[in-house]
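Enquirer: let's see this in three dimensions:
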Amino acid sequence: MKVASAKEIIKKLYHMNQSSVECISFLKNAFVFNSLEILDRCEAKAKEMRRTEKALTGGVIEDAKVDPDARVYMSVTGHMGGMVNFIEDIGGCIRTKIMDRIAFSDKAVLETTFLLARLQDMLRNTSDIILSRNVIHVKDSHLQWSSDHVPLSRNVILREYVKESASEINRSAYAFATLNEERLTAGLCLPGASQLFLHMLDAIKRIALHAKETAEELTAA
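Expert: Numbering: from 1, shown residues only. Prediction:
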């Protein structure tokens with residue numbers, strides 16, 4: 001695979017993943033403050049990710065036809081698209097919560113924001129793995145990164161951290177779902193709120209899975 005082509009792909013994947021970090025931040029704030037304005041910003045960012053994914057997919061498919069090394073990027077691009085799907089799912093749940101004025105219990109709010117914060121941290125570390133894939137230079141109006149070859153040991157440490165984060169999110173989501181069922185049975189939460197809460201838990205777990213698989217594939221290839 002040409003170095004220039006690889007750098008461009010990595011740059012786009014990095015910015016897509018960073019956009020997912022921003023989206024999770026928007027979702028968390030929209031959820032806590034019942035803000036449609038913040039939610040709209042998330043949806044706009046998700047649409048940008050969709051456009052990037054579509055443009056990137058075509059180029060990576062063409063590269064993969066002549067270079068097996070490019071196949072890992074095709075898979076990672078698919079994971080990014082999967083993240084967008086579930087970011088949009090969470091956004092839809094939050095929009096329903098706001099528009100229908102569905103009240104969540106204090107515990108459900110704390111549990112949701114905890115998971116979103118952990119997911120955000122996990123995605124930041126996934127970005128570091130993407131950035132350290134090759135010798136790259138990423139520039140924007142505010143920051144400049146320049147890295148020489150990053151030792152494999154650092155990538156492995158980041159990968160293991162991302163994997164453990166995904167496991168923690170899954171364990172916590174399972175525990176929170178059980179607590180939610182207990183609250184519902186005790187009449188401490190509304191059925192509508194419970195349904196939205198469980199849907200968001202599932203979407204958070206699935207985003208974490210895509211991030212974990214991205215980390216594993218980029219450090220194994």
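Enquirer: E43 belongs to a helix?
Expert: Yes: assessed with DSSP: H, G, I helix; E, B strand; the rest coil, E43 lies in a helix.
Enquirer: ok, now which ones touch the residue nearest to it when sequence neighbours are not counted?
Expert: Nearest residue to E43, sequence neighbours excluded (CB to CB, 6 or more residues apart in numbering): G91, at 5.8 Å. Glycine gets a C-beta too; all of them are placed from N, C-alpha and C. By CB atoms under 8 Å, 6 or more residues apart in numbering, the contact set of G91 is 27, 30, 39, 42-43, 46.
Enquirer: looking at stretch 29-40 now, give me its mean pLDDT.
Expert: Throughout stretch 29-40, pLDDT has a mean value of 98.
Enquirer: list the contacts of that stretch.
Expert: Residues contacting stretch 29-40 (CB under 8 Å, 6+ apart): 26-27, 42, 91, 94-95, 97-99, 109, 112-113, 116.
Enquirer: generate a ChimeraX selection restricted to the buried subset of those.
Expert: In ChimeraX, this line selects whichever of the contacts of stretch 29-40 come out buried by 16 or more other CB atoms under 10 Å:
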select :26,27,42,91,94,95,97,98,112,116
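Enquirer: in JSON lines, list the contacts of stretch 29-40 along with distance to N155 and secondary structure.
Expert: Converted to JSON lines, the contacts of stretch 29-40 look like this (distance: CB to CB, whole Å; DSSP: H, G, I helix; E, B strand; the rest coil):
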{"residue": "F26", "distance to N155": "29", "secondary structure": "helix"}
{"residue": "L27", "distance to N155": "28", "secondary structure": "helix"}
{"residue": "C42", "distance to N155": "30", "secondary structure": "helix"}
{"residue": "G91", "distance to N155": "31", "secondary structure": "helix"}
{"residue": "I94", "distance to N155": "34", "secondary structure": "helix"}
{"residue": "R95", "distance to N155": "38", "secondary structure": "helix"}
{"residue": "K97", "distance to N155": "38", "secondary structure": "helix"}
{"residue": "I98", "distance to N155": "40", "secondary structure": "helix"}
{"residue": "M99", "distance to N155": "43", "secondary structure": "helix"}
{"residue": "V109", "distance to N155": "36", "secondary structure": "helix"}
{"residue": "T112", "distance to N155": "31", "secondary structure": "helix"}
{"residue": "T113", "distance to N155": "30", "secondary structure": "helix"}
{"residue": "L116", "distance to N155": "26", "secondary structure": "helix"}
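Enquirer: quick one: which of the contacts of stretch 29-40 is nearest L198?
Expert: T112 (10.9 Å; CB to CB).
Enquirer: ok, now how distant is that closest one from I204?
Expert: Using CB to CB, to the nearest Å, we find T112 at a distance of 8 Å from I204.
Enquirer: ranges for the helices of the protein?
Expert: Remark: helices assigned in the chain by DSSP state H are 3-33, 36-66, 71-99, 106-131, 152-185, 191-220.
Enquirer: and those, which one averages the lowest pLDDT?
Expert: Among those, helix 36-66 scores lowest, at a mean of 86.
Enquirer: pull the number of nearby residues for A103.
Expert: 12 (other CB atoms under 10 Å).
Enquirer: so what's it up against?
Expert: 190, 193.
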